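>>> What follows is a predicted protein model with its sequence.
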Amino acid sequence: MNLQNHKVRIVLGILVAICLIIAYRIYSNIQNDKVRAERMSRTTSIAVTTGHATRQTIIPQMSFSGSLDPEWQAQVAAKVDGRLEKVYVQEGDAVVKGQVLAILEQVDTNADLLNARGAFLDAQVNLRKAETELARYEKLYASGAVSEQVVDNYRFARDNAAAKLEAARGNLQGMESKSDATVLTAPADGIVAKRYYQEGYYAKAGTAIFAVADISTLKTVIHIPEGQVFGVSVGNEAQIKLPAYPDKNLVGKITRIAPVADLPSHTFAAEVSVDNSRGLLAGIYANVFLTALPKQNVLTIPAHAIVMRDDQQTVFIADEEGVIQRRVLNIGYTDDKIAEVLSGLSEQDVIVIEGQNKLREGSKIKLEKAGK
């Protein structure tokens, strides 16, 4: 047994020694690679393309997408519970403000209205009776035939009758309103965009029965980035193209621009309206193209020179020795070719416009002839 244990210990010792030798070789290779890479980064210059920011006049071109929706639309809902007794319009019908669209069953509401009118008339009669009796007893009091207490009682009776008349008046007005609510009318001129239910449906109060829309003018909402809103104003024309109708190109106008930016996107909502005399279907998909006013003498760089870093727009800058630094920019208008620089860069700065993927801060580049 002792001999066997001794052999096991020898084998384990050999295995441990082998593992230590392998681990040391791996560690040594890693350290050598790090030293070699650091030495190369200090001594090797990377070939990239550099250039300078330039000043020019730009005409911002912007494109957006959305749908052409009705200028105005609303749901027509039942104000009271009731069964749809008669429906007078179909989807697509043109309607005018106040036109009757449907009538709810009126048997119960008519009965309640008659009762309310009867109660109101009865309250009127009781008030006149109380006023007549009060007038008679005031004359008797003036002649000394009755006491003041008796007159006060008739005054109280008159006031009570007047209060009951006001309550009856309020109840009558409520019943009249409820009766009027059984008649559904168009809130404005337009078309019946939707009819949700047929005759015979029992509608609960608040249930939408129709959707009425004005499609004589269509509109879409676009969201203009903060850096591109300069030069855009109410009245600007916009070209509208419809993928569903390639042969139809429309001209719309900006009719409203929000005075406050949407956050956190920093965009301004703008409405673009277009005349719908061609009878387009509302809700159709549209591409909107907008041309802003020219911007004179602005500082620009190639758009592909920009490198995103932590949600910031940056560029690589080379100093006189060719050592690279990263610079954060404030960018305005951009398209697929150029980017407007609002701040963070000057015309004298040497920027890397190609080969950025080879660089990191502290890299050294070969300073060659500027710009492509």
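Received the coordinates, thanks.

>>> can we go C-alpha only for contacts and neighbour counts from here?
Noted.

>>> beta partners for residue 341?
Using DSSP bridges, the bridge partners assigned to residue 341 are residue 331.

>>> Who are the contact partners of it?
298, 299, 300, 301, 329, 330, 331, 332 (CA atoms under 8 Å, 6 or more residues apart in numbering).

>>> can you map out the strands along the stretch 51-200 of the chain?
Per DSSP state E, counting those that start in this stretch, the stretch 51-200 of the chain carries strands over the ranges 54-58, 61-77, 82-87, 94-95, 100-104, 183-185, 190-195.

>>> Verify the stated contact: residue 219 with residue 71.
Yes. Using CA atoms under 8 Å, residue 219 is in contact with residue 71, at 5.9 Å.

>>> Tabulate the strands of the stretch 51-200 of the chain (a markdown table), appending mean pLDDT and mean neighbour count.
Supplementary listing: the strands of the stretch 51-200 of the chain in a markdown table, determined by pLDDT from 0 to 100; neighbours: other CA atoms under 10 Å:
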| stretch | mean pLDDT | mean neighbour count |
| --- | --- | --- |
| strand 54-58 | 91 | 15 |
| strand 61-77 | 90 | 18 |
| strand 82-87 | 90 | 18 |
| strand 94-95 | 92 | 18 |
| strand 100-104 | 92 | 21 |
| strand 183-185 | 90 | 20 |
| strand 190-195 | 91 | 20 |
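
>>> any chance of those strands in JSON lines, with distance to residue 173 too?
Compiled in JSON lines, the strands of the stretch 51-200 of the chain are given as follows (distance: least, CA to CA, whole Å):
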{"stretch": "strand 54-58", "distance to residue 173": "66"}
{"stretch": "strand 61-77", "distance to residue 173": "21"}
{"stretch": "strand 82-87", "distance to residue 173": "19"}
{"stretch": "strand 94-95", "distance to residue 173": "28"}
{"stretch": "strand 100-104", "distance to residue 173": "19"}
{"stretch": "strand 183-185", "distance to residue 173": "16"}
{"stretch": "strand 190-195", "distance to residue 173": "30"}
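
>>> So for residue 257, which of these sits nearest?
strand 61-77 (14.9 Å; CA to CA).

>>> And the contacts of the helix or strand hosting residue 218?
Following DSSP states H and E, one finds residue 218 within strand 208-225. By CA under 8 Å, 6+ apart, the residues outside strand 208-225 that reach it are 64-78, 186, 189-197, 265-277, 279, 282.

>>> one more time with 7 Å, if that's ok
Counting contacts by CA atoms under 7 Å, 6 or more residues apart in numbering, the residues outside strand 208-225 that touch it are 64, 66-78, 189-197, 266-277, 282.

>>> for stretch 101-112, same thing?
With CA under 7 Å, 6+ apart as the criterion, stretch 101-112 contacts 82-89, 175, 178-179, 182-186.

>>> could you pull out the helices for the stretch 51-200 of the chain?
Along the stretch 51-200 of the chain, the segments classed as helices by DSSP state H, counting those that start in this stretch run 107-142, 148-180.

>>> Give the buried residues for the longest one.
Which is helix 107-142. Of all the residues in helix 107-142, those buried under the rule 16 or more other CA atoms under 10 Å are 109, 112-113, 116-117, 119-120, 123-124, 126-127, 130-131, 133-134, 137-138, 141.

>>> follow-up on the earlier one: hmm, which two among the contacts of stretch 101-112 are most spread apart?
89 and 175 (26.6 Å).

>>> These two: which is more packed in?
Neighbours were counted for residue 89 and for residue 175 using other CA atoms under 10 Å; residue 175 has more, 21 against 17.

>>> from what I can see that one touches residue 113, true?
Yes. Applying CA atoms under 7 Å as the test, residue 175 and residue 113 come out as touching, 5.2 Å apart.

>>> Now for these two: what residues contact both?
Counting by CA under 7 Å, 6+ apart, residue 175 and residue 113 have no shared contacts at all.

>>> tell me the pLDDT at residue 237?
Residue 237 carries a pLDDT score of 90 in this model.

>>> Can you tell me the closest non-neighbouring residue to it?
Take residue 237 and drop its neighbours on the chain: the residue closest to it by CA to CA, 6 or more residues apart in numbering is residue 253, 4.5 Å away.
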